[in-house]
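Visitor: Sequence first, predicted model second:
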2 protein chains.
Amino acid sequence: MSSTLKDIANKTGVSVSTVSRVLHDNSKKYKISDETQERVKKAAKELGYRINTLARGLRLQKTYEIGLIVPDIANPFFSAMIKSLAGELRKGGYNFIVYDTDEDISIEKSAVKSLMEKRVDGMIIASVGQEFSHIQKLRDANVPIVMIDRCFDSLDIDSVSVDNVKGSLFAVNHLIKEGHTRIAFIQGLPGTYANETRLQGYKQALNDAGIGIDEHLIVGDDFRSLNGYLETKHLLKNPVPPTAIFTAGDLIALGALEACREHGIRIPSDLSLVTFDDPVFTSYLSPALTAIEQPIQKMTEMAVAMLYRRMRNPDDERRKILLEPKLNVRSSVTRLTTLTTITRITNQ
Amino acid sequence: MSSTLKDIANKTGVSVSTVSRVLHDNSKKYKISDETQERVKKAAKELGYRINTLARGLRLQKTYEIGLIVPDIANPFFSAMIKSLAGELRKGGYNFIVYDTDEDISIEKSAVKSLMEKRVDGMIIASVGQEFSHIQKLRDANVPIVMIDRCFDSLDIDSVSVDNVKGSLFAVNHLIKEGHTRIAFIQGLPGTYANETRLQGYKQALNDAGIGIDEHLIVGDDFRSLNGYLETKHLLKNPVPPTAIFTAGDLIALGALEACREHGIRIPSDLSLVTFDDPVFTSYLSPALTAIEQPIQKMTEMAVAMLYRRMRNPDDERRKILLEPKLNVRSSVTRLTTLTTITRITNQ
DNA sequence: CCAATCAATGCAATCGTTTGCACAAACGTA
DNA sequence: TACGTTTGTGCAAACGATTGCATTGATTGG
């Protein structure tokens, strides 16, 4: 079907080596005559030659492919990230292979295994979290690797993420400033980096403001919208419901919105809502959501730069980069006076 | 670094062939003794053996990889599609490689080229459209290939898509039934399958209802939100603005919403809106959008099934499958009486 | 006892590229 | 003339896995 160097060699009467040099090398280096070059190129075109990257990869021990692992490709945050990464990688002549782990650590492990088997030149991983033995093994096997968005404090490996603690501080402080004290937190998957750091920021903000932490207001267990939906319904049944909810991710917020709509709860008049993540459509929601934006473009640029650096220079010291999040104030938070709080509570 | 069959052979004292048979074959077939099997497996584990898929692919002329090409990975419709495809493919033991063409036909062509060079076992393509010579070449080279969502009527190739004409008919008929006659259509990229078929449905619905087609109400030129934003602003400046807008894709609708918000136009009271595509967040928008839903799950199931069939059976006749779209009525369309139309117009 | 069968394994070619080394012819130089 | 250089090209060994075809020693049937 597809022709090979050999086919071209046969057709032109030169050797395979010469053909290879003409088609892929800087053929100056080997001083191939112009006439031979012409002949070979012509034959290649006629035969529809396409290099076989498997053979090249095998020979060179280099595939020009980067493995990407994300928890959920359909999550707008990650699909934006992938798109951005793709662009950055393309600039450097790399292709990429994505794996979607569906927030499942065992799928993540098998993804890592597959990528090793494919001999990718490096990996960029947004890990589910929870555990990192598989990633540690990669590092020890000297595979260039950068963690993005979801990383591990206790694992010495290159990483870029946003300062989640600070993001939560921004969000919760904003709510507090608007007079809220009963602020619920709907978590993502416990044990993951993103979740624990965001939770930490939430607690710290409350502490700093001298507001006690009510464990009943910390609920939920995964980053999907169903979690937001169910937990919001549950929170609303609370005898003294929260006046504000802070969600750990965009999909959770969507679920929360759905629950509110179902119960006729209006945002922000009945309940305030702030969320981590800020995908494109946040500002079109009803109401436009106040949200914590992560600098996706910058994250991906840095991740790719770090990966290239690591590939060139395997023994450099490893770096952990934290980027600044940003609070985008829109219209899902209302100002609460002491009075409104009291009337609300007595209304229950 | 990573060990090979040879390393294991050396360590255990058996031949490479035997190692290969133990690790990858149904080793019954070659009657390898239990004792040898044990030894080999043990050594493989100790050495941390990982198969080299490049070598396997080269030898077998089969990679167990499928190429995926989509116009925009960050578009929720396509990211949902990818996720769904990934699941289906995984079931069959296939991995996949995605390319995002950014709605650019020249990137699509180079993606096709790359995938050929990687010797993928098949491709699933949601084409930009406009042109199909590159895809025709693939087909003629006997690469198993299925077009999904974006295909070509005039190209004989397996494909699954939704009945776009019918979808537009549903949408526009709904608007007409609610009393609208000045209905604008904000297009996607002209010359693409999705766009032309949706446009066709739009025109047909108007014709069927005896409503003349006003070419000034057919605007726009790409599937991104900026297009929706700009064209909506422009439409609103029209001396006799439309009472309803039908957008060819979800991102266009988002752009339209943004423009309306900016101009203080309320939906649906001032303007009705219906869109093609129905990503998860549609129902959380302000207001919840009436939209045409495509059966993504079914599309991907069928696409993968067709691809497997084509891989098994290269010479079967090719099929073109059209699935039913669905109109989801929500709250972005208002009923228009003759009276309201008149008052509106005189208000201008 | 000899031939046929079988169990268990090894040999070596192959997939398509790349590249260090060798080599012949032509050229320059002293 | 003799020798070093340059030019242009080919040889052959990798890269790691698979598999048809031996091969060997043991077992069985007649």
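Guide: Okay, I see it. Residues are numbered from 1 along each chain as shown, chains lettered A, B, ... in the order given.
Visitor: going forward, measure contacts and count neighbours with C-alpha atoms only.
Guide: Noted.
Visitor: What are the structural domain limits within chain A?
Guide: As recorded under automatic domain parsing, the domains making up chain A are A:5-51, A:64-162+A:296-323, A:164-294+A:328-347.
Visitor: would you say residue A:6 is within a strand?
Guide: No: assigned with DSSP: H, G, I helix; E, B strand; the rest coil, residue A:6 falls outside any strand and is helix.
Visitor: measure it to residue A:25 for me?
Guide: 16 Å (CA to CA, to the nearest Å).
Visitor: Give me the more crowded residue out of the two.
Guide: Ranked by neighbour count (other CA atoms under 10 Å in any protein chain shown), residue A:6 and residue A:25 place residue A:6 first, with 16 against 12.
Visitor: thinking the more buried one is in contact with residue A:18, fair?
Guide: No: if you go by CA atoms under 8 Å, residue A:6 and residue A:18 don't touch, sitting 10.4 Å apart.
Visitor: can you give me the strands for the stretch 1-150 of chain A?
Guide: For the stretch 1-150 of chain A, the strands defined by DSSP state E, counting those that start in this stretch occupy A:65-70, A:95-100, A:122-125, A:145-148.
Visitor: returning to that earlier point: figure out which of the domains of chain A is closest to DNA strand D.
Guide: domain A:5-51 (3.2 Å; CA to the nearest atom of the strand).
Visitor: Quick one: mean pLDDT over that closest one.
Guide: Average pLDDT, domain A:5-51: 91.
Visitor: what do you get for stretch A:309-327?
Guide: Rounded mean pLDDT across stretch A:309-327 is 95.
Visitor: Touching it from outside, list them.
Guide: Contacts with stretch A:309-327, where a contact means CA atoms under 8 Å, 6 or more residues apart in numbering or on different chains, come from A:121-122, A:142, A:144-145, A:156-164, A:166-167, A:170-171, A:290-295, A:299.
Visitor: Contact residues of chain A facing DNA strand D?
Guide: Within chain A, the residues that sit near DNA strand D (CA under 7 Å from any atom of the strand) are A:13-18, A:30-33, A:35-36, A:55-56, A:58-59, A:61.
Visitor: Which positions in the stretch 201-348 of chain A make contact with chain B?
Guide: Residues of the stretch 201-348 of chain A found near chain B (CA under 8 Å from any CA of the partner chain) are A:254, A:257-258, A:281, A:284-287.
Visitor: returning to what we had before: can you convert the domains of chain A into a markdown table and add a column each for distance to DNA strand C?
Guide: Converted to a markdown table, the domains of chain A look like this (distance: least, CA to the nearest atom of the strand, whole Å):
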| stretch | distance to DNA strand C |
| --- | --- |
| domain A:5-51 | 3 |
| domain A:64-162+A:296-323 | 12 |
| domain A:164-294+A:328-347 | 40 |
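Visitor: Dump these into JSON lines; add distance to residue B:273 as well.
Guide: JSON lines is the format used below for the domains of chain A (distance: least, CA to CA, whole Å):
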{"stretch": "domain A:5-51", "distance to residue B:273": "48"}
{"stretch": "domain A:64-162+A:296-323", "distance to residue B:273": "23"}
{"stretch": "domain A:164-294+A:328-347", "distance to residue B:273": "14"}
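Visitor: got any ranges where chain A has weak pLDDT?
Guide: Low-confidence segments of chain A (pLDDT under 70): A:1, A:27, A:338-348.
Visitor: Do a quick rundown of the helices in it.
Guide: Assigned by DSSP state H, chain A shows helices spanning A:5-12, A:16-24, A:34-47, A:53-60, A:76-91, A:105-117, A:133-140, A:164-177, A:193-208, A:225-236, A:250-263, A:296-312, A:338-347.
Visitor: Next, format the ones you listed as TSV and append distance to residue B:110.
Guide: Below are those laid out as TSV (distance: least, CA to CA, whole Å):
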stretch	distance to residue B:110
helix A:5-12	21
helix A:16-24	17
helix A:34-47	16
helix A:53-60	15
helix A:76-91	12
helix A:105-117	23
helix A:133-140	32
helix A:164-177	39
helix A:193-208	37
helix A:225-236	37
helix A:250-263	34
helix A:296-312	22
helix A:338-347	61
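Visitor: The nearest residue to residue A:107 once chain neighbours are set aside - how many residues pack around it?
Guide: In space, and not counting its chain neighbours, residue A:107 is closest to residue A:101: 5.2 Å by CA to CA, 6 or more residues apart in numbering or on different chains. Residues within reach of residue A:101, counting by other CA under 10 Å, total 21.
Visitor: got it, and residue A:284?
Guide: Residue A:284 - counted by other CA under 10 Å - has 20 other residues nearby.
Visitor: quick one: it and residue B:285 touch, right?
Guide: Yes: Residue A:284 is within contact range of residue B:285, at 6.0 Å (criterion: CA under 8 Å).
Visitor: circling back: can you tell me which of the residues of the stretch 201-348 of chain A next to chain B is nearest residue B:69?
Guide: residue A:281 (24.0 Å; CA to CA).
Visitor: show me what contacts the residue nearest to the spatial centre of chain A?
Guide: Computing the C-alpha centroid of chain A and ranking residues by CA atoms, centre = their mean puts residue A:78 first, at 4.6 Å. By CA under 8 Å, 6+ apart, residue A:78 lies in contact with A:70-72.
Visitor: List only buried entries from the residues of chain A next to DNA strand D.
Guide: Neighbour-count burial (16 or more other CA atoms under 10 Å in any protein chain shown) is assigned, among those, to A:16, A:18, A:36, A:55, A:58.
Visitor: Hmm, the first one is touching residue A:23, no?
Guide: No: with contact taken as CA under 8 Å, residue A:16 and residue A:23 are classed as non-touching, separated by 10.6 Å.
Visitor: The residue nearest to residue A:93 when sequence neighbours are not counted - how many residues pack around it?
Guide: Leaving out its chain neighbours, the residue that sits closest to residue A:93 by CA to CA, 6+ apart is residue A:64, at 7.1 Å. Using other CA under 10 Å, residue A:64 is surrounded by 17 other residues.
Visitor: how near is residue A:64 to residue A:121?
Guide: As for residue A:64, its distance to residue A:121 is 6 Å (criterion: CA to CA).
Visitor: Now do the shared contacts for the two.
Guide: Between them, residue A:64 and residue A:121 share no contacting residue under CA under 8 Å, 6+ apart.
Visitor: List the residues that contact residue A:265.
Guide: residue A:271.
Visitor: Check residue A:65 too.
Guide: The neighbours of residue A:65, taking CA under 8 Å, 6+ apart as the test, are A:94-97, A:120-122.
Visitor: what sits opposite it in the beta ladder?
Guide: On the basis of DSSP bridges, residue A:65 takes part in beta bridges with residue A:95.
Visitor: Go through the strands of the stretch 1-150 of chain A and pick out the most buried.
Guide: strand A:145-148 (a mean of 26; mean count of other CA atoms under 10 Å in any protein chain shown).
Visitor: other SSEs contacting that one?
Guide: strand A:122-125, strand A:159-162, helix A:296-312 (3 or more CA pairs under 8 Å, 6 or more residues apart in numbering or on different chains; DSSP states H and E).
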